[in-house]
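[1] Pasting a predicted model and its sequence here:
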Amino acid sequence: MARVLINLPARAKRGEIIEIKTLIAHPMETGYRLGPTGAAIPRDIINRFLCTYNGEEVFRAKLYPAIAANPFISFFTIATESGTIAFSWTDQHGATQVQTAAITVE
């Protein structure tokens, strides 16, 4: 689907609140703009974002056409244990892109 940037601490203390930032390169085309020929550019948006921490959902967002291109999402969670944080972006056609990042909790 697209290039993804994820920013989260590699290490955290148990119980610490951590900030997670994600950015996905995507045009988020609304379907309302006209192309060079005057025809409408087809709608192409990411409409769902999901984040899980060791398989447990910690954040979910529903995105709409009014969201800017290259959606940036920032949220907080509590570091509970070492493991994997998985990020999932799903577009209107059902295609899903998944990225993961590891965190070590001391």
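    Ah, there it is. Numbering: from 1, shown residues only.

[2] pLDDT value on M1, please?
    M1 is assigned 59 on the pLDDT scale.

[3] heads up, I number from 40, so please use that
    Taking 40 as the first residue, the last one we looked at is M40.

[4] got the phi/psi numbers for the residue lying farthest from the centre of the chain?
    Relative to the C-alpha centroid of the chain, counting by Cα atoms, centre = their mean, T76 is the outermost residue, at 32.6 Å. With angles defined as degrees, to the nearest 10, T76 sits at phi -90, psi 0.

[5] which regions of this protein lie under the pLDDT threshold?
    Confidence mapping of the chain against pLDDT under 70 gives the ranges 40.

[6] residue ranges for the strands of it, please.
    Using DSSP state E, the strands found in the chain span residues 43-46, 50-51, 56-63, 85-92, 95-101, 111-117, 122-130, 135-144.

[7] Which stretch among these approaches T69 most closely?
    strand 85-92 (12.1 Å; Cβ to Cβ). (Glycine included, C-beta is placed from N, CA and C.)

[8] Does anything pack onto the closest one? Which helices or strands?
    In this structure, strand 85-92 packs against strand 56-63, strand 95-101, strand 111-117, strand 122-130, with contacts taken as 3 or more Cβ pairs under 8 Å, 6 or more residues apart in numbering; DSSP states H and E.

[9] Each with direction, which strands does the longest one pair with?
    Same thing as strand 122-130. Sheet pairing for strand 122-130, assigned by DSSP bridges, gives strand 85-92 (antiparallel), strand 135-144 (antiparallel).

[10] Can you lay out the helices and strands packed on strand 85-92 as TSV showing distance to I84 and mean neighbour count?
    Listed next are these as TSV, based on distance: least, Cβ to Cβ, whole Å; neighbours: other Cβ atoms under 10 Å:
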stretch	distance to I84	mean neighbour count
strand 56-63	11	16
strand 95-101	11	13
strand 111-117	14	14
strand 122-130	7	18
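
[11] closest to G70 out of these?
    Closest among these, using Cβ to Cβ: strand 122-130, at 13.0 Å.

[12] Report how many residues lie close to T143.
    Residues near T143, counting by other Cβ atoms under 10 Å, number 12.

[13] how near is it to Y71?
    For T143, the distance to Y71 equals 45 Å [Cβ to Cβ, to the nearest Å].
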